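S.K.: Build the 3D model from these lines:
(one chain, ligands or ions: 1)
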Amino acid sequence: MIPLFLAPMAEFTTPAMRVLCEACGAARTYTEMVNAEGICRGSSKTLFLLETFPEERHVWAHLYGHDPERLAEAARRVEAMGRFEGIDINAGCPVPRITAQGAGSALLRDLPRFGALMKAVAKAVALPVSVKTRLGPNPHVPTWRETLRMAEDAGVVSVAFHARYTSQGHTGPTDLDTLRKAVAATALPICGNGSVTDRASAEAMAATGVHALLIARAALENPAVFSYGHADPFELTERHLELELRYRSLAAAFSHITPEESTVLTFRRHLFRYFKGLPGANRLRGSLMNLKTLDDIRAALNTLKAAAAAPTSAESAMLTP
Ligand SMILES: Cc1cc2nc3c(=O)[nH]c(=O)nc-3n(C[C@H](O)[C@H](O)[C@H](O)COP(=O)(O)O)c2cc1C
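M.R.: Alright, predicted model coming up:
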């Protein structure tokens with residue numbers, strides 16, 4: 001079976017989510033995107049993004065930047081932490097805040113810089129270095145061949161392609177034909193990414209010959225996607241909240257909100273997605289802003305549990321003699 005990795009997601013792939021996804025079968029996870037400059041400056045907020053839990057086994061640090069020497073210095077510091085299995089370079093993020101700095105997908109418009117970044121980082125550390133990127137800025141400007149040539153030259157160990165172009169954002173069809181060509185064009189292991197949500201979509205992408213698949217959005221709704229299953233959303237939420245509270249407690253010294261408040265925000269931002277499709281889930285979504293404490297969340301979940309256990313009107317009609 002092809003290995004499935006949890007893709008990096010800014011503000012989502014915290015140690016809590018990574019631990020849950022590893023437990024559900026993710027063979028590798030990535031931190032959220034971390035600014036190389038912040039690491040070099042020793043910013044406590046940035047370093048917080050590089051916290052890991054001792055039980056994490058296969059976590060890679062996912063870094064972004066535009067200056068080869070600064071990214072190399074950041075990679076050295078990350079390696080010295082001794083927490084990571086590898087270092088991954090972001091060369092695919094289309095968010096203007098990142099591309100305006102010449103980082104993320106802006107690197108696909110500045111290939112000499114992209115090549116120099118890979119080379120500098122791979123030379124700076126003994127840890128394996130990978131890159132996550134896209135097929136090109138747009139379908140008329142494919143850059144995947146140059147990316148592969150530069151990655152081979154730099155000594156990068158693998159390349160993950162989000163099988164879309166920057167111009168597509170996160171929507172539109174994935175280009176599996178081009179992904180297949182990329183796999184055939186190199187001896188480097190290639191990872192595939194983009195709209196893998198279940199076994200069928202995983203098999204379709206695996207058929208291109210990629211070595212592993214990265215899954216992002218589907219894991220936000222169902223971490224058990226890593227074993228093609230479906231976990232109990234109530235148990236999942238309980239475990240996730242406990243882990244998130246543990247992570248947020250590490251920020252207590254510099255955060256302006258309490259660990260409980262930031263854990264509640266995490267629930268409001270994405271954990272409610274675990275209940276998508278259940279009776280009462282839309283009502284929960286509509287009332288998220290009223291949830292201020294963990295007790296509020298527990299009470300809302302108890303209501304949802306009762307709604308999920310109650311027979312539907314169709315079932316009640318069948319039960320009525
Ligand atoms: C909320 C969110 C945050 C993301 N943050 C990052 C990031 O920090 N670095 C990165 O390389 N990709 C990031 N991505 C892109 C994903 O890693 C992935 O490439 C993309 O969502 C396509 O995969 P999917 O169809 O499985 O979601 C992010 C995606 C989402 C939805």
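
S.K.: tell me which parts of the stretch 101-250 of the chain are close to the ligand?
M.R.: Applying the criterion Cβ under 6 Å from any ligand atom, the portion of the stretch 101-250 of the chain that neighbours the ligand consists of 132, 162, 170, 193-196, 215-218. Where C-beta positions appear, they are placed from N, C-alpha and C, glycine not excepted.

S.K.: Filter the residues you listed down to just the buried residues.
M.R.: Buried members of those, scored by 16 or more other Cβ atoms under 10 Å, are 132, 162, 193-196, 215-218.

S.K.: Surely residue 177 forms part of a helix?
M.R.: Yes. Secondary structure assignment (DSSP: H, G, I helix; E, B strand; the rest coil) places residue 177 inside a helix.

S.K.: residues in contact with it?
M.R.: If you count contacts by Cβ atoms under 8 Å, 6 or more residues apart in numbering, residue 177 has none.

S.K.: Can you give me the distance of it to residue 143?
M.R.: Here residue 177 is placed at a distance of 16 Å from residue 143 (Cβ to Cβ, to the nearest Å).

S.K.: again, but for residue 193
M.R.: Taking Cβ to Cβ as the measure, residue 193 and residue 143 are separated by 16 Å.

S.K.: Least confident of the residues of the stretch 101-250 of the chain next to the ligand?
M.R.: Least confident by pLDDT among these: that is residue 170, with 92.

S.K.: Could I get the full set of strands for this protein?
M.R.: Listed from the start of the chain, the chain has strands (DSSP state E) covering 4-6, 29-35, 59-64, 86-91, 129-134, 158-162, 190-193, 212-215.

S.K.: anything in the shortest one sitting right up against the ligand?
M.R.: To tie it back to what came earlier, the one meant is strand 4-6. No. Counting by Cβ under 6 Å from any ligand atom, the ligand has no neighbours in strand 4-6; the shortest distance is 9.0 Å.

S.K.: what packs against that strand?
M.R.: For strand 4-6, the elements it packs on are helix 15-23, strand 29-35, strand 212-215, judged by 3 or more Cβ pairs under 8 Å, 6 or more residues apart in numbering; DSSP states H and E.

S.K.: could these go into CSV alongside distance to residue 283?
M.R.: Compiled in CSV, the helices and strands packed on strand 4-6 are given as follows (distance: least, Cβ to Cβ, whole Å):
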stretch, distance to residue 283
helix 15-23, 25
strand 29-35, 30
strand 212-215, 29
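
S.K.: follow-up on the earlier one: among the strands of the chain, which is nearest residue 14?
M.R.: Distance to residue 14, taken as Cβ to Cβ, is lowest for strand 29-35 among the strands of the chain, at 7.1 Å.

S.K.: what does that closest one rub up against?
M.R.: Contacts with strand 29-35, where a contact means Cβ under 8 Å, 6+ apart, come from 5-14, 18, 21-22, 46, 49-50, 52, 56, 58-65, 88, 90, 93, 98, 132.
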